Every structure is written in C-alpha cells, then in structure tokens.
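K.L.:
predicted coordinates and the sequence they were generated for:
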2 protein chains.
Amino acid sequence: MTSDLRHDLQQQKPFISLVQEAQLNLARTESVLLAGFEQLLKPHGIGATQYNVLRILRGAGAEGLGRNEIRDRLLTRMPDVTRLLDRMARAGLVVRVRSTEDRRLVATRLTKRGRDLVDRLDEPVAAEHQRRLGHLTTAELRTLIKLLTLARQPRHSP
Amino acid sequence: MTSDLRHDLQQQKPFISLVQEAQLNLARTESVLLAGFEQLLKPHGIGATQYNVLRILRGAGAEGLGRNEIRDRLLTRMPDVTRLLDRMARAGLVVRVRSTEDRRLVATRLTKRGRDLVDRLDEPVAAEHQRRLGHLTTAELRTLIKLLTLARQPRHSP
DNA sequence: TGACAATAGGTGTTATAACATCTATTGTCC
DNA sequence: GGACAATAGATGTTATAACACCTATTGTCA
C-alpha cells in the first residue's frame, strides 16, 4: 500500500527539495493525527487545546496556574487564553481564584469535574495514540522523537 | 543546549509512553514550524491554508480545480472551502468559472495576481524551510520523511 | 419519462481564533 | 512618596473555522 504525499495529494511533479518534503510530511502527519484525536475528544465536549489545558492543570497541582503560565506551556500557540479558560469555567471544568497577596494574580485550578474528565480520558487517549503510532517499533519511535526534537532547534544565527 | 519537551513545557514527570511522547513532539514541532511560516506569509496578506491553495492551483494548471478537489488536496482538513475561496476571490487571487457542460461544476483558477504572488513567494518560502530544517543532514531528513510517512499509515484492522 | 439518489456547491448560524488595546496592581527609582 | 515602567489579566472587535442544512444540476433505472 503506497501512501506517500505525492499520491495522497495527487501531485504529479517531484518535490522541490528535501526540507520542503519534510515540512509537508510533518504538516500532513500532524493534521491526520490531530483529526483523529479531536474526533475522540468531541463526545466529551472539548477540543485538543482544552484537553491540553486540563493536562497542564492536573500536572500543576492544587495551587493551579496563572494565565500566562498556561499559555507558555501549551503545545500550540494560543493568544486569548483568557476566553479559552472562560469557556472551560462555564463548562465547570476549572475555577479561577484571585490571589490576596498579589491581586494581579488569578490562579486557574481544575474542579473535581475537570479532574474527573481528564482522568477518565487517560485510557482512551493512550489507546488512540497506540492505535495511531503503535505500529512503529520502539527504535523508530525513538528516532522520530530525536529528529523532531532536532528539527525544533533554531539554526545558529548565520 | 537542551530543548526537549519536558524542559520546554516545564514538565516534571516523565512521559507516560513513547507513543505519547512522539505525538507530543510531533504537535510541538509542527506548531513551531507553522508559526514561523505564518509569520513569513503575514506581510503578504495570506495564511498557510491560502498559500496551500495557491500552490495547489498553480500545480493544477490553467483549467483550475473544483471546490472538492481543492479540499481533498489540502494538507490540513478544512470544511468550508467555499468561503476560503470567497476571500481569495475578494483579494483578487483567484476567479471562479462555472462550467457550461455541467452546470454544477465551478472551476477555481489563479489570476495573474495570484500566480505572481505564489511565484514571488517561492524563494522566501524555500529560504524559510532551509533556515528551519537546513541543519538536519540529508540522511536525517530522509529518515524523518520515512518515519512520518509510516506514522500516517493506519493500523491494520485489529 | 418521471421519481429519486448522487453530486457539486452554497448559505445561515454559532463558536472560536486573532489582533489590538485597555484596566488594575505592583515594583522601582529618583 | 510620587512618577512611571512592568506585570497580570481582561475586553472590544473583526476574521475565520466549524457544523448543520439547503439549492441546483445531473445520472440512473424502474
């Protein structure tokens, strides 16, 4: 079964360069995986970003985190985290508590409902990832991770 | 310089599994690369998806393509391609022509302006990709492409 | 040939993302 | 201690994405 990008996208001509081919493959693969992941989350009323926030807040513990901390830890860039948290608060997944020491600070914490949701999702999420990437060997996964990490390193100033 | 995800995202605990770590690295890397790419395109008034459409239409030749063809060839899933093309038409990048043989068909084609834009972008886009991924060796790029392609293969029905 | 499914595309509406700007609070330094 | 920069967060507004549903045209087949 052939399923390279040229075939997928009905492209006739060869790719211009190897870096471009890598970039296209990266975008395509992420899109495919993300689509499956969103599909899994949809019945629970959240998307990938909100799930990401739930994971972050669970990892942060009882004190919660400020808006900017959450923004900086998100996998994908997201301006307007305020209203993302608004929606999650409206859904009862998080609460906000303004600090009394520094009144600029507003900590966002998981509610029991938010915590329960993210806990309940652990298994299906792990299963989904297994289903999507489980056919790669351990060595392949390690190599993939290594190369993706390497790809994120910015080039030294020329 | 260390820049693995655990460090980037202030994560203390180890990842749950290798597949999960791969998925997170994939999402993160794509996000970083996409952000740089969008930054490059912004001065030209288009985003990554519109650029993708321009490339697709240039590849398709003078006859242009129907809406569904374009949708299917896009790197990332995009419902509502109609209004994406609306915007591009308003910007003067494409035109729509309804077929006389089958009046259901509406071909979308590049205008001279759209063609000029995508041509002008070839060089800076190639340079950006080179800047982002040029520090990987040819062998590393080939391996990355191979693994990403492999990652997209759906698992055989269990 | 007339009903009806299939195909191509569009529209209405709501939610979310993006961008710039604003307010409140605290730290700093003369 | 008062001016002012810095920080944390929120808001107003516009553009875009997402979802469901609708229209027009063509193919098919009893």
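P.N.:
Received the coordinates, thanks.

K.L.:
give me the phi and psi for residue A:113.
P.N.:
The phi and psi values for residue A:113, taken as degrees, to the nearest 10, are phi -60, psi -40.

K.L.:
report the separation between it and residue A:70.
P.N.:
Plainly put, residue A:113 is 18 Å away from residue A:70 if you go by CB to CB, to the nearest Å. (Glycine included, C-beta is placed from N, CA and C.)

K.L.:
what's the burial count for the residue in chain A positioned nearest to DNA strand C?
P.N.:
In chain A, the residue that lies nearest DNA strand C is residue A:103 (3.5 Å; CB to the nearest atom of the strand). Neighbourhood size, residue A:103 [other CB atoms under 10 Å in any protein chain shown]: 8.

K.L.:
all the strands of chain A, in order from the start?
P.N.:
Listed in chain order, the strands found in chain A under DSSP state E are A:94-98, A:106-110.

K.L.:
including distance to residue B:134 and mean neighbour count, could those go into TSV?
P.N.:
Formatted as TSV, these follow (distance: least, CB to CB, whole Å; neighbours: other CB atoms under 10 Å in any protein chain shown):
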stretch	distance to residue B:134	mean neighbour count
strand A:94-98	41	16
strand A:106-110	40	20
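
K.L.:
quick check: phi and psi at the residue nearest the centre of chain A.
P.N.:
Nearest to the mean C-alpha position of chain A, counting by CA atoms, centre = their mean, stands residue A:75 at 4.9 Å. Torsion angles at residue A:75 (phi, psi; degrees, to the nearest 10) stand at phi -60, psi -40.

K.L.:
now the one 4 residues further on
P.N.:
With angles defined as degrees, to the nearest 10, residue A:79 shows backbone torsions of phi -80, psi 160.

K.L.:
if we can go back for a sec, and residue A:113 and residue A:70? which has more neighbours close in?
P.N.:
Higher neighbour count among residue A:113 and residue A:70: residue A:70, with 21 against 12, using other CB under 10 Å.

K.L.:
let me see the contact set for the residue of chain A closest to DNA strand C.
P.N.:
With contacts defined as CB atoms under 8 Å, 6 or more residues apart in numbering or on different chains, residue A:103 has no neighbours.

K.L.:
for chain A, what lies in contact range of DNA strand D?
P.N.:
A:42, A:66-69, A:80, A:82-83, A:85, A:96, A:104-107 (CB under 7 Å from any atom of the strand).

K.L.:
which one among these gets closest to DNA strand D?
P.N.:
For those, the nearest to DNA strand D is residue A:66 (2.8 Å; CB to the nearest atom of the strand).

K.L.:
give me every residue that touches the nearest residue to the closest one once chain neighbours are set aside.
P.N.:
Leaving aside its chain neighbours, residue A:66 sits nearest to residue A:105 (5.8 Å; criterion: CB to CB, 6 or more residues apart in numbering or on different chains). Residue A:105 makes contacts with A:66, A:98, A:99, as judged by CB under 8 Å, 6+ apart.
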